Structures are given as structure tokens and as C-alpha cells.
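>>> Fold the following for me, if possible:
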Amino acid sequence: MQKAAVLSEPVSGRILTIHTTQPGIQVYTGNWLSGNGKGKNGIPHKDRHAVALECQYYPDSPNKPEYPSCLLRPGELYLQKIVYAFSTDQSTGGR
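Residues are numbered from 1 along each chain as shown. Modelled structure (predicted):
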């Protein structure tokens, strides 16, 4: 496993660290959330109020020989691991 990403929020001190055996991560941001429902405590969603990180192979891997292969042959075992570790940085006010 390797460290793949670290997200931090400096005001609260919240930290997310991701370790994985996957070669890549797709990052999705909530660029079009405004007007699409409500979140916690009924607060309306706004653009860029969310992010998703999906550990996986690179897009278009089957067509790019220079990318890590995602080919799974009959009889082979597919096993990947992803660890999402949450912590806080007390020096920045994290609780």
C-alpha cells in the first residue's frame, strides 16, 4: 500500500489520509451542486461543497500500454485495498 492522498481543512484541523494498492485516484468535486437538494440539518447544497476520491485504475487503461494493466484473466484473483484514515491536527484548532 502507498499513501495516495491527504486532504486537510485548516480551520477545524480535520485530515483525511488515503492509502491504497490502486495506481490512481479519480477526483470529483461538487461543481454543480447548487439547487440539488439539501444536506445535513437541511442546509442547501452549494457548488464545491463536496469532494469524492475514488481509488481505481487510470481511465482508458485498457487502451494505454504505458499505464498499469487492469486486465483480469480467468482464474485470477482481483484484490485491492483502500484505507481512509481520519484524524485531526490539534495545532490548528482541531477538536
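>>> Only C-alpha atoms from now on, for both contacts and neighbour counts.
Will do.
>>> What about the residue lying closest to residue 80 once chain neighbours are set aside, how many residues nearby?
Ranked by CA to CA, 6 or more residues apart in numbering and with sequence neighbours excluded, the top spatial neighbour of residue 80 is residue 21, at 5.7 Å. The local packing count at residue 21 equals 17, with neighbours defined by other CA atoms under 10 Å.
>>> Run through the chain and note the low-pLDDT ranges.
Counting by pLDDT under 70, the chain shows low-confidence ranges at 92-95.
>>> can you pull the contacts of the residue minimising distance to the centre of it?
Within the chain, the residue whose C-alpha comes closest to the C-alpha centroid is residue 53; the distance, by CA atoms, centre = their mean, is 1.7 Å. In this structure, residue 53 makes contact with 25-28, judged by CA atoms under 8 Å, 6 or more residues apart in numbering.
>>> By neighbours, which of these wins?
Of the contacts of residue 53, residue 25 is surrounded by the most neighbours, 18 neighbours in total, counting by other CA under 10 Å.
>>> Quick check: it is in a strand.
Yes. Inclusion of residue 25 in a strand is indicated when DSSP: H, G, I helix; E, B strand; the rest coil is applied.
>>> quick one: which helix or strand includes the residue nearest to the centre of the chain?
Taking DSSP states H and E as the definition, one finds residue 53 inside strand 51-56.
>>> same check, this time on residue 33
Secondary structure from DSSP H and E places residue 33 outside every helix and strand.
>>> Leaving out chain neighbours, which residue sits closest to it?
Here the nearest residue to residue 33 in space, its sequence neighbours aside, is residue 47; by CA to CA, 6+ apart that works out to 4.7 Å.
>>> Could you do residue 28 as well?
Once flanking residues are discounted, residue 28 sits nearest to residue 52: 5.0 Å by CA to CA, 6+ apart.
>>> My guess is the one you found contacts residue 18. True?
No. With contact defined as CA atoms under 8 Å, residue 52 does not count as touching residue 18 (11.9 Å).
>>> Mind checking which of the two has more residues around it?
Counting neighbours by other CA under 10 Å for residue 52 and for residue 18 shows that residue 18 has the greater number, 20 against 11.
>>> Now that the more buried one has come up, it's in contact with residue 81, right?
No. Judged on CA under 8 Å, residue 18 makes no contact with residue 81 at a distance of 10.4 Å.
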